[in-house]
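Enquirer: okay, here's the prediction I keep looking at, along with the sequence it came from:
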Amino acid sequence: MGEKEFDVQGFARGIHELLVLSTLQAEKKHGYQIGIDVEAESDGLFCFRHGTLYPILHRLEGDGLVRGAWSRDGGRRKKIYALTAAGRRHLTGETGRVQEIVTRLMRLLPPPTEAPA
Amino acid sequence: MSAEAVRPFLPTLRKVERQLGLPIPARVRILRELEFDLEQHRARLEAEGVAPDEARALSLDALVPDERVLRELGRLHTPRYYTITRHFSDDRVRRFERFALAILMTALLVAESLFLLRAGLFTDPSPFLWPVIGLGGVSCAIIAWEAFALWVRGDSRLAREAPRVLLLMAGLTLMLGLFGALVDTYQVAATPDGMTSLMPRSFDWLVRETALLSVAMVLTLVSGLGWFALTQWLTQVSGAHREVLGLDSTETALQEVQV
């Protein structure tokens, strides 16, 4: 790391993509379930409002990192997303990169101390 | 019971649909996904004890894309052709498309003629063979142009007229072939020597008319297949569009389809 200039906005966007990929690791899910799971697993820290999940999912699908497939559920059509092999590789690589960035960041910040009374 | 009573999110879906400047198949996919998620969210909230009206409002707030998200979806689903040609003015792109169409039509006519030349059908051709080949070339160009408009440019506006034109072209090609064969036969039979002169030349005549009718039938078949494929695709697309918007079969869903 360090060869390329660090893109803060891209990093923030990448975090959302990683969260979506991460929640698809164990099983296939439809869009709404992905949103619910990300919100639950992050204790509400990350949530997708106003349909922000859809561009993320569709971008990942366009990049071949997830695969969407239509199926029927009680007469309604639903789109189920699954992680692809490329998505799995991307998740592993990007998770390592995020860990490295966070480690470096923590080295820059002073350790947490108790606030004076 | 009205469609809105069974599918309470229909008005919202119709509103979102109007804001999505995308080809119909992309719009249908986005709306289907959105409706399923809205229903799931509403059902979950109601199961948690939230009042139906509030559950509906909360679902809309959580999942319906705002303007920024709609723009992003529009960008993601815009056909690649537009992202490639966006650096050029509309006028230049149209000029290029017309030029490409002219090249394509010429190439099709040349390919058709070369094929017929190789098959030895131009040694003593019927005068009706040329207009039949011309009609076939136009039909092939229409099919190619429509395929480009539908599957590359994602524009279905022209496609509503194209199947009818193709059907007309198929009919004209066949009629012209049959008419040409009849006229040729009549001309040969009506020579001063009549049928006696036909006998020694019967083989040439047979080859000429077989060539004319075969070419006419093959080109009719090509136009017919083009008509069938376009009609099937359009029926499927407009059916899916009507279904996702809760329109009945008398309402036209295939209106503004341009990107």
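Expert: Looks like it arrived, so ask away.
Enquirer: spell out which residues of chain A are next to chain B.
Expert: Residues of chain A lying near chain B by Cβ under 8 Å from any Cβ of the partner chain: A:30-33, A:35-36, A:48-55, A:58-59, A:62, A:70, A:73, A:76-79. Any C-beta I mention is one placed from the backbone N, CA and C, and that applies to glycine too.
Enquirer: please redo it, this time with the cut-off set to 10 Å
Expert: Residues of chain A found near chain B (Cβ under 10 Å from any Cβ of the partner chain) are A:30-36, A:39, A:47-59, A:61-62, A:68, A:70, A:73-74, A:76-79.
Enquirer: can you say which of the residues you listed are buried?
Expert: Listed as buried from these are A:30-36, A:39, A:48, A:50-59, A:61, A:68, A:77-79; burial here means 16 or more other Cβ atoms under 10 Å in any protein chain shown.
Enquirer: measure A:E100 to A:D7 for me?
Expert: 15 Å (Cβ to Cβ, to the nearest Å).
Enquirer: tell me, how many residues neighbour whichever residue of the stretch 1-150 of chain B sits closest to chain A?
Expert: Going by Cβ to the nearest Cβ, chain A is nearest to B:P65 of the stretch 1-150 of chain B, at 3.3 Å. A total of 22 residues lie near B:P65 under the criterion other Cβ atoms under 10 Å in any protein chain shown.
Enquirer: name the element it belongs to?
Expert: Under DSSP states H and E, no helix or strand contains B:P65.
Enquirer: which one is it nearest to, not counting chain neighbours?
Expert: A:G51 (3.3 Å; Cβ to Cβ, 6 or more residues apart in numbering or on different chains).
Enquirer: contact partners for that neighbour?
Expert: If a contact means Cβ atoms under 10 Å, 6 or more residues apart in numbering or on different chains, then A:G51 has A:31, A:35, B:16, B:30, B:33-34, B:37-38, B:60, B:62-66, B:68-70, B:72-73 as its contacts.
Enquirer: which of those residues fall in helices?
Expert: A:31, A:35, B:16, B:30, B:33-34, B:37-38, B:60, B:62-63, B:68-70, B:72-73 (DSSP state H).
Enquirer: is it possible to mark the buried ones in those residues?
Expert: Applying 16+ other Cβ under 10 Å to those, the neighbour count classes A:31, A:35, B:16, B:30, B:33-34, B:37-38, B:60, B:62-63, B:69-70, B:72-73 as buried.
Enquirer: nearest to B:V207 among those?
Expert: B:I30 (57.6 Å; Cβ to Cβ).
Enquirer: check contacts around the closest one.
Expert: Applying Cβ under 10 Å, 6+ apart to B:I30 gives the contacts A:51, A:54, A:58, A:79, B:13, B:16-17, B:20, B:22, B:65, B:70, B:73-74, B:76-77, B:244.
Enquirer: isn't the residue of the stretch 1-150 of chain B closest to chain A right next to B:L34, touching?
Expert: Yes: between B:P65 and B:L34 there is a contact at 7.7 Å, judged by Cβ atoms under 10 Å.
Enquirer: any common contacting residues for those two?
Expert: A:G51, A:Y54, B:V16.
Enquirer: tabulate those (a markdown table), appending distance to B:L167.
Expert: Shown next, in a markdown table, are the shared contacts of B:P65 and B:L34 (distance: Cβ to Cβ, whole Å):
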| residue | distance to B:L167 |
| --- | --- |
| A:G51 | 42 |
| A:Y54 | 40 |
| B:V16 | 36 |
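Enquirer: ok, A:T95 to A:G10 distance?
Expert: For A:T95, the distance to A:G10 - Cβ to Cβ - is 16 Å.
Enquirer: can you check B:L212 too?
Expert: To A:G10, B:L212 is 65 Å away according to Cβ to Cβ.
Enquirer: more crowded one of the two?
Expert: The residue with more neighbours, out of B:L212 and A:G10, is B:L212; 23 against 9, by other Cβ under 10 Å.
Enquirer: Three-state assignment for the more buried one, please.
Expert: Classification of B:L212 using DSSP: H, G, I helix; E, B strand; the rest coil returns helix.
Enquirer: one more: A:R77?
Expert: A:R77 - assigned by three-state DSSP - is strand.
Enquirer: now do the contacts for it.
Expert: The neighbours of A:R77, taking Cβ under 10 Å, 6+ apart as the test, are A:W70, A:S71, B:V28, B:R29, B:R32, B:E33, B:E35, B:F36, B:A240, B:E243, B:V244.
Enquirer: and A:I80, that one's in a helix?
Expert: No: going by three-state DSSP, the assignment for A:I80 is strand, not a helix.
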